[in-house]
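# Give me a model of this one.
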Amino acid sequence: MSTKSVRHSFSENIEFSPKDVVKITASYGIKQEYAVDRKIVSVSSSVLRERLSSNSTKEISFDWIIAIDLKIYLNWLYSGVLRIVEEGESDEDYNLVDGYILGLGLDDQKYCDAIIDAFYAKAQELRDKNPQYLPDTSCLGRAFQNEINVKKGQGSTEILQRALVDIYAQADDPQRVYEVLEDGEDIPSEFKNLLIRRLMEDRKKLSTAQLQQRGGGEVGSGGEEQARKRVREE
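Predicted structure coming up:
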């Protein structure tokens, strides 16, 4: 997974130099419209490409997209980075989840991949400062909602869910993870079950590897190699 700097500070400004101008409106909640370049916004999303395929189309609207999510997405299209970093880490985590859902709704796999990269990059960056860092639990409910409706969106949040489980499982302090699970009444049960299963599998692999190392002189070289191969394959 890429760990390059894919996250930058949130910006209210979107620097556009549009030639073939179209307007995209996010009308969920506070209505906000953006003037953008047709070709640029049609490159990555099949939904936008289809709706803007006719040169006579000068304006489109989405009643399920909120303004901040669309603004972050358009900034990403123009700059290649997610201008999503805010002072509140929980807000950023929630915005990342919403960004992934937006990517599904617009059928933009590249944007979904960028969101996953950002989650991993953030975890690595913040764990260098605080080994106990975990993504805020407030975003888990959104990521594990079975009722998510992104209109014509393709796919599901399964990949995002697996990434969040993976990031929690990679925490340097497993005890901290168990404490969060015990205290988090609002954490989805599906997430808890997946994470506990993953932690148990990781512990089993670690125990197996340690036993093989301690008993190295007693285990035949052929059997030991086969055991190690099984651990790697698991």
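
# Please make it C-alpha for all contacts and neighbour counts, starting now.
Noted.

# what bits of the chain have low per-residue confidence?
Counting by pLDDT under 70, the chain shows low-confidence ranges at 1-19, 85-90, 146-155, 209-212, 214-234.

# for it, what spans make up the helices?
Ranges of helices in the chain, per DSSP state H, are 38-42, 46-51, 67-79, 89-105, 109-129, 138-143, 158-169, 174-183, 189-214, 221-233.

# Mean neighbour count, those helices: which tops it?
Of all the helices of the chain, helix 89-105 has the most neighbours on average by mean count of other Cα atoms under 10 Å, namely a mean of 22.

# Helix 67-79 and that helix, what's the angle between them?
Angle, helix 89-105 to helix 67-79, by axes from the mean of the first three to the mean of the last three Cα atoms, to 10 degrees: 70 degrees.

# on contacts alone, who are the packing partners of helix 89-105?
Packing partners of helix 89-105 (3 or more Cα pairs under 8 Å, 6 or more residues apart in numbering; DSSP states H and E): helix 67-79, strand 82-85, helix 109-129, helix 138-143.

# is it possible to export the helices of the chain to JSON lines including distance to K58?
Output for those, formatted as JSON lines (distance: least, Cα to Cα, whole Å):
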{"stretch": "helix 38-42", "distance to K58": "9"}
{"stretch": "helix 46-51", "distance to K58": "10"}
{"stretch": "helix 67-79", "distance to K58": "17"}
{"stretch": "helix 89-105", "distance to K58": "21"}
{"stretch": "helix 109-129", "distance to K58": "24"}
{"stretch": "helix 138-143", "distance to K58": "33"}
{"stretch": "helix 158-169", "distance to K58": "34"}
{"stretch": "helix 174-183", "distance to K58": "49"}
{"stretch": "helix 189-214", "distance to K58": "43"}
{"stretch": "helix 221-233", "distance to K58": "53"}
